[in-house]
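A.B. asks: Sequence first, then the predicted structure, then my questions.
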Amino acid sequence: MIEQTTFTISTAGPGLYEFTREVANWVRGSGLLTLFIRHTSASLLIQENADPEVRRDLQAYFHRLVPPTNDPRMSYLAHTYEGPDDMPGHIKAALLPVSLSIPVTDGAMALGTWQGIYVFEHRATPHRRQVAAHLSS
Amino acid sequence: MIEQTTFTISTAGPGLYEFTREVANWVRGSGLLTLFIRHTSASLLIQENADPEVRRDLQAYFHRLVPPTNDPRMSYLAHTYEGPDDMPGHIKAALLPVSLSIPVTDGAMALGTWQGIYVFEHRATPHRRQVAAHLSS
Amino acid sequence: MIEQTTFTISTAGPGLYEFTREVANWVRGSGLLTLFIRHTSASLLIQENADPEVRRDLQAYFHRLVPPTNDPRMSYLAHTYEGPDDMPGHIKAALLPVSLSIPVTDGAMALGTWQGIYVFEHRATPHRRQVAAHLSS
């Protein structure tokens, strides 16, 4: 049996936005859950849901790994017309997951104790991000 | 119901090779598409299909993130016998997706407007890359 | 039809731990295998299974890409209370796969000749890592 839906996550600048509960409320039975983010400048991420410092540190690390294009080190990049966070958003979307698959057993995802499901927003302006969900059982 | 096939993508040096149309022509019905690349020096990637500068910038970024092993900064790497793009190819294959899963509804993949499906080739010499495809519905 | 199990991989410090054979012995028929690691400081990885230097080089590269937090370059990170490999473990877990999907045909995974399945441990102390497995056929 197949069930499909779309989760919409509103974002307000770079960072991690949790939507574990929305997904947990939707899955049921036993099967395989797949999430797919329909964008090229935001990502999906499974990460620690306990200490908020982990999320801030993750964002800080990726900001340094892929600096904005007004940083002189990034002057070799050409695709900048939507602003200094445009091409870095695409690069981060390449480095981080676009799809995730999680086994589901008796209505519960196989997430570990500390794992939450996040949208990782890479753009500065607010966005509404669509995550396609598929449950096969 | 299960359907499986293999897509073969010919590459001629580092860069992104789109095969969205081949996949779109193959999927049908509603279900879950999974792609798996059978190599350790090339990757799958969902990326922007509009501006070719995005693809060139992506390649330029990953070339700098993982320089060839004849760059003095990479002298700590040991596995170099197939040339300076050998070990960087493996590293890029670790950083970028080996498998992708995309929900399919009424014959259409849940790709966003700007998303295309690519093989990201990491090696300098021409290759024929095999992508195993699975559709469960 | 759905089958599920959990693989437990014991690790003893950073590096790649292969468990291809355990997975190969478990899959059967034709379908889709999905693996999901239930941790935020270890990853799944498909990589070359021939030359052990590739695994050592991969570990060396990621150690340089995400240095321990007692390295002055990482002083901007806040989440350090489990030690200098704590936050780098989370960052590597973001950069590397948490889930993998592999088509299975007549009992064989679609792995390429040189592809093995690994747990990539990011922490210094020994751990028992759980990988949830799902086979739909």
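C.D. replies: The structure has been received and is ready for your questions.

A.B. asks: CA only for contacts and neighbour counts going forward, please
C.D. replies: OK.

A.B. asks: Just list the residues touching the residue in chain A that chain C sits nearest to, thanks.
C.D. replies: In chain A, the residue that lies nearest chain C is A:Gly112 (4.4 Å; Cα to the nearest Cα). By Cα atoms under 8 Å, 6 or more residues apart in numbering or on different chains, the contact set of A:Gly112 is C:Arg38, C:His39.

A.B. asks: which other residues reach the host helix or strand of A:Ser43?
C.D. replies: According to DSSP states H and E, A:Ser43 maps onto strand A:42-48. Residues from elsewhere that reach strand A:42-48 (Cα under 8 Å, 6+ apart): A:36-37, A:54-55, A:89-90, A:92-93, A:96-100, A:114-123, A:129, C:40, C:90, C:93-94, C:98.

A.B. asks: residue closest to the middle of chain A?
C.D. replies: Among the residues of chain A, the one closest to the centroid is A:Leu44, at 2.3 Å (Cα atoms, centre = their mean).

A.B. asks: what pLDDT does it get?
C.D. replies: According to the prediction, A:Leu44 has pLDDT 98.

A.B. asks: What subset of the contacts of strand A:42-48 is buried?
C.D. replies: By neighbour count, with 16 or more other Cα atoms under 10 Å in any protein chain shown, these hold A:36-37, A:54-55, A:89-90, A:92-93, A:96-100, A:115-123, A:129, C:40, C:90, C:93-94, C:98 as buried.

A.B. asks: Could you list the low-pLDDT ranges of chain A?
C.D. replies: Scanning chain A for pLDDT under 70 picks out nothing.

A.B. asks: before we move on, back to that, just the ones of the contacts of strand A:42-48 in strands?
C.D. replies: Those of these mapping onto strands are A:Phe36, A:Ile37, A:Ser99, A:Leu100, A:Gln115, A:Gly116, A:Ile117, A:Tyr118, A:Val119, A:Phe120, A:Glu121, A:Arg129, per DSSP state E.

A.B. asks: how about the residues you listed in JSON lines, adding distance to B:Val66?
C.D. replies: Listed next are the ones in strands among the contacts of strand A:42-48 as JSON lines, based on distance: Cα to Cα, whole Å:
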{"residue": "A:Phe36", "distance to B:Val66": "27"}
{"residue": "A:Ile37", "distance to B:Val66": "26"}
{"residue": "A:Ser99", "distance to B:Val66": "24"}
{"residue": "A:Leu100", "distance to B:Val66": "25"}
{"residue": "A:Gln115", "distance to B:Val66": "29"}
{"residue": "A:Gly116", "distance to B:Val66": "30"}
{"residue": "A:Ile117", "distance to B:Val66": "29"}
{"residue": "A:Tyr118", "distance to B:Val66": "27"}
{"residue": "A:Val119", "distance to B:Val66": "26"}
{"residue": "A:Phe120", "distance to B:Val66": "23"}
{"residue": "A:Glu121", "distance to B:Val66": "24"}
{"residue": "A:Arg129", "distance to B:Val66": "30"}
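
A.B. asks: Among those, which pair sits farthest apart?
C.D. replies: Taking Cα to Cα as the measure, the ones in strands among the contacts of strand A:42-48 span a maximum distance of 20.8 Å, between A:Gln115 and A:Arg129.

A.B. asks: wait, isn't A:Ala132 in contact with A:Val23?
C.D. replies: No: contact criterion Cα atoms under 8 Å: A:Ala132 and A:Val23 do not qualify, at 11.0 Å.

A.B. asks: Comparing these two, which shows the higher neighbour count?
C.D. replies: More neighbours surround A:Ala132 than the other of A:Ala132 and A:Val23, with 22 against 15 (other Cα atoms under 10 Å in any protein chain shown).

A.B. asks: Give me the angle between the helix or strand encompassing that one and strand A:42-48.
C.D. replies: Element membership of A:Ala132 [criterion: DSSP H and E] is strand A:127-136. Strand A:127-136 and strand A:42-48 are oriented at 70 degrees to each other (axes from the mean of the first three to the mean of the last three Cα atoms, to 10 degrees).

A.B. asks: Can you tell me the strand partners of strand A:127-136 and which way each runs?
C.D. replies: Strand A:127-136 has the following sheet partners, assigned by DSSP bridges: strand A:2-11 (antiparallel), strand A:31-37 (antiparallel).

A.B. asks: And those strands: which comes nearest A:Pro84?
C.D. replies: Within the strands paired with strand A:127-136, the stretch nearest A:Pro84 is strand A:2-11; the backing value is 18.3 Å (Cα to Cα).

A.B. asks: and that closest one with strand A:115-121, angle?
C.D. replies: Going by the same axes, to 10 degrees, strand A:2-11 is angled at 60 degrees with respect to strand A:115-121.

A.B. asks: Can you tell me the closest non-neighbouring residue to A:Leu32?
C.D. replies: A:Pro103 (4.6 Å; Cα to Cα, 6 or more residues apart in numbering or on different chains).

A.B. asks: what sits against that neighbour?
C.D. replies: Applying Cα under 8 Å, 6+ apart, we find A:Pro103 in contact with A:Ser30, A:Gly31, A:Leu32, A:Leu33, A:Met109, A:Ala110, C:Thr34, C:Phe36, C:Ala132, C:Ala133, C:His134.

A.B. asks: of those residues, closest to A:Gln4?
C.D. replies: A:Leu33 (9.7 Å).

A.B. asks: can you tell me which residues contact that closest one?
C.D. replies: Taking Cα under 8 Å, 6+ apart as the criterion, A:Leu33 is in contact with A:Val27, A:Ser101, A:Ile102, A:Pro103, A:Val104, A:Ala133, A:His134, A:Leu135, A:Ser136.

A.B. asks: One more pass at 7 Å, please.
C.D. replies: Going by Cα atoms under 7 Å, 6 or more residues apart in numbering or on different chains, A:Leu33 touches A:Ser101, A:Ile102, A:Pro103, A:Val104, A:His134, A:Leu135, A:Ser136.

A.B. asks: Restrict the contacts of A:Pro103 to the buried ones and give me that as a PyMOL selection.
C.D. replies: Entered in PyMOL, the line below selects the buried ones among these, by 16+ other Cα under 10 Å:
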select buried, (chain A and resi 30+31+32+33+109+110) or (chain C and resi 34+36+132+133+134)
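
A.B. asks: what two of the contacts of A:Pro103 are the furthest from one another?
C.D. replies: Within the contacts of A:Pro103, two members stand farthest from each other by Cα to Cα: A:Ser30 and C:Phe36, at 15.0 Å.

A.B. asks: Nice, that's everything, thank you.
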